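# model this:
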Amino acid sequence: MADPIHQFQIQKVVDLPDVTLPGVGVVDLAITNSHIAMTLGFVLVVGFLAMVTSGAKVVPGRLQAAGESLFGMIDNLTDSIIGHEGRKYFPFIFTLFTLILVMNILGMFMTFTATSQLAVTVTFAILTFGLVLVVGFAKNGLGFFKLFWPMGAPLALRPVVGAIEFVSFLLRPVTLALRLFGNMLGGHVALKIFAGFVVSLGALAMGGGLNLLAFPVAALSLGMVVALTALEFLVAFLQAFVFAVLACIYLNDVVNLDHAH
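Residues are numbered from 1 along each chain as shown. I've put the predicted structure just below:
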């Protein structure tokens with residue numbers, strides 16, 4: 001358990017018989033710690049929204065005020081970035097934000113963080129990128145490719161700039177996935193390492209004599225754990241918000257393609 005990477009290992013909680021699907025092969029249906037973390041995150045989001053929306057009052061209570069603030073923040077985000085059509089994409093952005101936020105925060109209380117798994121962050125990124133492609137072609141048709149032909153650049157440089165824009169566009173899901181994955185992984189590894197220092201140095205100092213010099217270092221490590229914990233809660237919110245902001249920016253590129261060009 002002292003291994004800082006141990007907390008990211010997917011482990012079976014309930015082992016179920018494998019199922020063979022035609023064209024797919026053997027599928028492992030076991031319930032893992034990853035399934036439990038994601039399911040719990042989903043249940044908490046749905047439960048929170050159900051409590052906020054049921055019995056809404058003109059003068060909101062604390063819970064309703066918190067829900068309305070969250071709702072208003074994402075509504076303002078989509079409206080300010082995408083424009084008057086932002087409300088159409090509000091449900092998707094709000095779902096992304098709340099699920100990522102809750103799973104990030106759950107990772108501070110559980111021994112497993114779902115968003116520290118690349119498969120989870122890649123799924124969110126692919127869903128976002130897929131929506132951008134669908135909206136881009138549905139709204140602009142083949143005019144979607146104007147995204148890679150910058151009219152503001154000199155004619156001789158447009159092919160070069162266009163190629164760079166095309167590669168940058170293809171890398172968007174990669175950067176979306178890696179940013180969230182890397183921040184959650186790195187933060188929890190750092191927490192685990194400093195927490196390990198507290199335990200090991202504290203145990204060493206209990207030996208007495210010169211070993212007592214380990215106490216100040218253990219206390220310093222404990223201070224780092226407290227500071228990093230506070231920082232991780234902030235990062236949990238910021239990473240969910242950044243993911244939502246970038247999703248809005250990418251949607252804005254295709255929704256307002258003609259205005260941008």
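# what bits of the stretch 1-150 of the chain have low per-residue confidence?
Applying pLDDT under 70 to the stretch 1-150 of the chain flags the ranges 1-2, 56, 58-59.
# quick one: the strands in it?
Assigned strands in the stretch 1-150 of the chain, in chain order: 12-14, 19-21, 25-27, 31-32 (criterion: DSSP state E, counting those that start in this stretch).
# Might you report the residue contacts of residue 20?
Residues in contact with residue 20 (CB atoms under 8 Å, 6 or more residues apart in numbering) are 26-27. Bear in mind the C-beta positions are built from the backbone N, C-alpha and C, glycine included.
# what pairs with it across the strands?
Residue 20 has these beta-bridge partners by DSSP bridges: residue 26.
# sorry, back to before: can you tell me which of the strands of the stretch 1-150 of the chain is most buried?
strand 31-32 (a mean of 15; mean count of other CB atoms under 10 Å).
# which residues sit against that strand?
Here strand 31-32 has contacts from 10-14, 16, using CB under 8 Å, 6+ apart.
# change it to 6 Å
With CB atoms under 6 Å, 6 or more residues apart in numbering as the test, strand 31-32 has contacts from 10, 12-14.
# Quick one, which of the strands of the stretch 1-150 of the chain gets closest to residue 159.
Closest to residue 159 of the strands of the stretch 1-150 of the chain, according to CB to CB: strand 25-27, at 43.7 Å.
# tell me what that closest one is packed against?
strand 19-21 (3 or more CB pairs under 6 Å, 6 or more residues apart in numbering; DSSP states H and E).
# closest to residue 64 among the contacts of strand 31-32?
Among the contacts of strand 31-32, and counting by CB to CB, the member closest to residue 64 is residue 13, at 35.0 Å.
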